[in-house]
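Asks: Quick one, fold the following:
(one chain, ligands or ions: 3)
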Amino acid sequence: MPAEVSQRIDGHRLWQRLMDLARFGATGKGGVCRLALSREEIEARAALVNWARSIGLKPSTDAAANLFLSLEGRESGLAPLLIGSHIDSQPTGGKFDGAYGVLAALEAAQAISEVPERPRRTIEVVAWMNEEGSRFAPGMMGSAVFTGKRKLAEILPVRDRAGVTVEDALKSVLDAAPDIARRPLGFPVAGFLEAHIEQGRTLQDLGYTVGVVTGIQGKRTFRVDVIGEESHAGTTPRRARRDALTSAVAMVDALQKAMWDEGDTVRFTIGMFEVAPNAPSVVPGKVHFSIDLRHDDSTIIERLGNAIAGLCDSTRGKCDVAVRELLYDAPLQFPEGMRSHIAGCAERLGISHMRLQSPAGHDARYLHYVCSTGMLFIPCKDGISHNEAESIAPADASAGARILAEAAFELANQ
Ligand code: GLV
Ligand code: MN
Ligand code: MN
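Replies: Numbers count the residues shown, from 1 in each chain. Ligands and ions are numbered 1, 2, ... in the order given. The predicted structure follows:
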């Protein structure tokens with residue numbers, strides 16, 4: 001029976017949907033800018049819902065605008081199996097980060113729907129709200145509130161740069177599709193499977209088609225506010241200034257040096273840096289910047305993250321500084337049962353596979369805290385991701401979907 005499921009995966013249909021979804025928020029350089037809860041994402045959600053309805057899946061959503069597309073199982077009393085990822089992107093994102101996992105899940109659900117006997121459990125394709133955290137920080141908001149890791153009330157007041165709150169943005173998304181059934185936020189789940197592009201180059205370099213993900217490295221994110229005083233660039237002597245940019249540059253320099261390691265295992269990124277008022281003849285009065293720190297070793301991420309506030313304080317000069325931690329996710333390992341289940345499906349289908357740890361973050365992290373969770377990766381050309389040039393091979397996309405379909409079908413029958 002399982003082989004019958006994977007044979008029904010239609011690689012052309014999957015690829016066509018990937019290309020169609022990429023039209024929502026398409027950029028000039030072949031990528032996607034589909035920020036969480038944006039107009040582009042509303043349109044992409046509508047396309048997903050149309051595909052789902054056309055193959056007999058029932059759409060529903062919750063107060064966090066997580067989108068579920070359900071293939072009903074034989075036993076309605078059993079907790080469903082969730083499969084999916086996210087469809088929001090970075091501002092200069094690619095076509096496949098997240099979108100691949102959702103559309104591979106849709107393809108898997110379609111293949112399973114074509115098998116004569118439905119699985120015992122309902123299978124729900126899910127698109128989690130705001131995985132990327134680019135417009136509203138931190139990311140993985142939908143999966144965090146679904147799993148109770150964060151409270152809905154905590155995320156509602158978060159604002160984007162234009163001052164729009166998550167609450168208002170959620171309302172526009174939910175209002176745009178009033179015909180989609182609403183469900184409670186958070187319900188019992190039997191398991192979660194997420195397929196994703198690797199976003200690194202291990203599979204490509206070692207020549208494997210699929211990665212069975214062992215776990216996810218730890219991540220801490222911070223926001224730093226440096227407060228000085230605006231003053232006249234022509235009349236204010238250098239010694240009299242409280243220049244927020246000069247202080248922030250000293251902090252960045254100290255942080256970059258402290259976070260450097262010979263083995264190059266620490267991931268340390270300052271990806272956002274805002275200067276105010278950002279005017280050529282005004283001494284900067286404020287700087288706001290982000291810190292993204294990642295490591296696989298819990299003691300290292302603990303030690304390095306804990307040093308950040310002190311480093312900023314000791315280099316602030318005459319300015320004030322406030323360091324706020326937005327998120328602290330420890331390194332994690334997925335259960336061996338799920339890893340060997342995915343590896344077993346790949347083995348049976350004759351698809352080459354290896355195990356690897358994910359350096360990138362995924363919604364699977366939060367699902368892991370509440371249900372049996374597993375992930376699989378497909379190769380991503382030259383490891384390029386969070387970049388409009390992101391690219392994958394159609395044959396790999398199809399292979400990943402075949403494994404996902406097998407793995408989901410078996411789990412939904414347990
Ligand atoms: C996910 O997009 C991440 O930043 O790891
Ligand atoms: Mn992603
Ligand atoms: Mn991403």
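Asks: Distance from stretch 181-193 to the middle of the chain?
Replies: 18 Å (C-alpha atoms, centre = their mean, to the nearest Å).
Asks: which of the residues in that stretch are buried?
Replies: Leu185, Gly186, Val189, Ala190, Gly191, Phe192, Leu193 (16 or more other C-beta atoms under 10 Å). Using the backbone N, CA and C atoms, a C-beta is placed for each residue, glycine as well.
Asks: moving C-terminal of the host helix or strand of Arg303, what's the next helix or strand?
Replies: Element membership for Arg303, per DSSP states H and E: helix 298-314. Using DSSP H and E, the next helix or strand after helix 298-314 towards the C-terminus is strand 320-329.
Asks: Report the strands that pair with that next one, each with its relative direction.
Replies: strand 218-227 (antiparallel) (DSSP bridges).
Asks: any bit of the strand it pairs with sitting next to ligand 1?
Replies: No. Against ligand 1, strand 218-227 shows no contacts by C-beta under 6 Å from any ligand atom, the least distance being 7.0 Å.
Asks: residues from this structure in reach of ligand 2?
Replies: Asp97, Gly98 (C-beta under 5 Å from the ion).
Asks: what's the neighbour count on whatever residue of the chain ends up closest to ligand 1?
Replies: When distances are taken as C-beta to the nearest ligand atom, the chain reaches nearest to ligand 1 at Gly361, 3.3 Å away. Gly361 has 23 neighbouring residues, counting by other C-beta atoms under 10 Å.
Asks: do the one 4 residues further on as well
Replies: Using other C-beta under 10 Å, Arg365 has 25 neighbouring residues.
Asks: residues touching it, list them.
Replies: Met140, Ser143, Ile216, Asp329, Leu332 (C-beta atoms under 8 Å, 6 or more residues apart in numbering).
Asks: Touching, the second one and Val370? I think so.
Replies: Read that as Ser143. No. Taking C-beta atoms under 8 Å as the definition, Ser143 is not a contact partner of Val370, at 9.7 Å.
Asks: May I see the buried residues of stretch 181-193 organised as TSV, with secondary structure and pLDDT added?
Replies: Formatted as TSV, those follow (DSSP: H, G, I helix; E, B strand; the rest coil; pLDDT from 0 to 100):
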residue	secondary structure	pLDDT
Leu185	coil	97
Gly186	coil	97
Val189	coil	98
Ala190	coil	98
Gly191	strand	98
Phe192	strand	99
Leu193	strand	99
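Asks: Do a quick rundown of the helices in the stretch 51-200 of the chain.
Replies: Along the stretch 51-200 of the chain, the segments classed as helices by DSSP state H, counting those that start in this stretch run 99-113, 141-146, 152-155, 166-176.
Asks: Now do the second one: distance to the chain's middle.
Replies: When C-alpha coordinates are averaged (C-alpha atoms, centre = their mean), helix 141-146 and its chain have centres 11 Å apart.
Asks: Return the mean pLDDT over it, rounded to an integer.
Replies: Taken as a whole, helix 141-146 has an average pLDDT of 98.
Asks: Could you export it as PDB, keeping only the C-alpha atoms?
Replies: C-alpha atoms of helix 141-146 as PDB (Å, rounded to 0.1, in the frame of the first residue of the first chain):
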ATOM      1  CA  MET A 141       4.800  33.300  15.800                       C
ATOM      2  CA  GLY A 142       2.000  31.100  14.500                       C
ATOM      3  CA  SER A 143       3.600  27.800  15.600                       C
ATOM      4  CA  ALA A 144       4.600  29.400  18.900                       C
ATOM      5  CA  VAL A 145       1.100  30.400  19.900                       C
ATOM      6  CA  PHE A 146      -0.400  27.200  18.500                       C
END
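Asks: contacts for that helix?
Replies: For helix 141-146, the surrounding residues in contact (C-beta under 8 Å, 6+ apart) are 36, 62, 64-66, 86, 128-131, 133, 149-152, 155, 158, 166, 185-186, 363, 365-367.
Asks: try 7 Å
Replies: Defining contact as C-beta atoms under 7 Å, 6 or more residues apart in numbering, one finds that helix 141-146 is touched by 64-66, 128-130, 150-152, 155, 185-186, 363, 366-367.
Asks: My guess is Glu40 contacts Thr27. True?
Replies: No. Proximity of Glu40 to Thr27 does not meet the contact threshold set by C-beta atoms under 7 Å, at 10.5 Å.
Asks: contacting residues around the residue most central in space within the chain?
Replies: The centroid of the chain falls nearest to Glu131 when counting by C-alpha atoms, centre = their mean (3.6 Å). Going by C-beta under 7 Å, 6+ apart, Glu131 touches His86, Asp88, Gly98, Gly139, Met140, Asp363.
Asks: I'd assumed Asn130 was in contact with the fourth one.
Replies: Think Gly139. Yes. Between Gly139 and Asn130 there is a contact under C-beta under 7 Å: 6.1 Å.
Asks: out of those two, which sits in the busier spot?
Replies: Legend: neighbour count by other C-beta under 10 Å for Gly139 and Asn130, higher for Asn130 (32 against 27).
Asks: ok, and the closest non-adjacent residue to that one?
Replies: Ala36 (3.6 Å; C-beta to C-beta, 6 or more residues apart in numbering).
Asks: The one you found: neighbour count?
Replies: Ala36 has 27 neighbours, counted by other C-beta under 10 Å.
Asks: what does the protein have sitting close to ligand 1?
Replies: Counting by C-beta under 6 Å from any ligand atom, the chain sits next to ligand 1 at Glu132, Ala360, Gly361.
Asks: In three-state terms, how would the second one be classified?
Replies: The assignment at Ala360 comes out as coil when based on DSSP: H, G, I helix; E, B strand; the rest coil.
Asks: dump the residue contacts of the nearest residue to it once chain neighbours are set aside.
Replies: Distances taken as C-beta to C-beta, 6+ apart place Gln199 nearest to Ala360, at 4.8 Å, with adjacent residues excluded. Applying C-beta under 7 Å, 6+ apart to Gln199 gives the contacts Asp97, Ala360, Cys380, Gly383, Ser385.
Asks: Now pLDDT and neighbour count too, for those residues, in TSV please.
Replies: Conversion of the contacts of Gln199 to TSV gives the following (pLDDT from 0 to 100; neighbours: other C-beta atoms under 10 Å):
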residue	pLDDT	neighbour count
Asp97	98	27
Ala360	98	18
Cys380	97	26
Gly383	98	17
Ser385	98	22
